[in-house]
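[1] Provide a 3D model corresponding to the input given below.
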Amino acid sequence: MKTQPKILKSLSLEAITQLEAVSNYTYLTMKDGSKTMSSYTLQVFADIFTNNNFIRINRSLLVNAEFVKKHISRDGKEYLQLKNNNTIIIPRRKTEKLKIDFPTIFNN
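    Coordinates of the predicted model:
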């Protein structure tokens, strides 16, 4: 990618809790609960945030690892609970890779 999204110039990475894909747009959710829309796809942000402690949970969600409260294993399914008490189901095909890539989250 040649240019970085302009929206990132005005935001700090620590302020972003999650990025959610909606069609060809991405909604950035901040720690204060506000949302900002970007016309870049989630893949563009995933490429930028690869080494910045962000977890690609599924096709439409990228979460800041520092915003994960705990890991929940219930009824044979895996979940991540965020600090805002939202619960996200982890796809079964991604579970093992996430456990390897982010062991501190899954060892609680």
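[2] who touches the nearest residue to residue 49 once chain neighbours are set aside in this structure?
    Excluding its sequence neighbours, the residue lying closest to residue 49 (C-beta to C-beta, 6 or more residues apart in numbering) is residue 62, at 6.6 Å. Bear in mind the C-beta positions are built from the backbone N, C-alpha and C, glycine included. Listed by C-beta atoms under 8 Å, 6 or more residues apart in numbering, the contact partners of residue 62 are 18, 19, 20, 42, 45, 46, 49, 54, 55, 56.
[3] what is the rounded mean pLDDT of the helix ranked longest in the chain?
    The longest helix of the chain (DSSP state H) is helix 92-101. Mean per-residue pLDDT for helix 92-101: 88.
[4] quick check: PyMOL command selecting the buried ones in the contacts of residue 62.
    The buried residues among the contacts of residue 62 can be selected in PyMOL (16 or more other C-beta atoms under 10 Å) with this line:
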select buried, resi 18+19+42+45+49+54+55+56
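[5] list the contacts of the one residue sitting closest to the centre of the chain.
    Among the residues of the chain, the one closest to the centroid is residue 63, at 1.4 Å (C-alpha atoms, centre = their mean). Residue 63 sits next to 17, 18, 19, 54, 55, 57, 80, 82, 88 when contact means C-beta under 8 Å, 6+ apart.
[6] which residue is the nearest non-sequential neighbour of the first one?
    In other words, residue 17. Residue 17 sits nearest to residue 67 (C-beta to C-beta, 6+ apart), 4.4 Å away.
[7] the one you found and residue 87, how far apart?
    13 Å (C-beta to C-beta, to the nearest Å).
[8] now the strands for the protein?
    Taking DSSP state E, the strands of the chain run over residues 16-22, 25-30, 35-38, 54-58, 61-64, 68-74, 77-82, 87-90.
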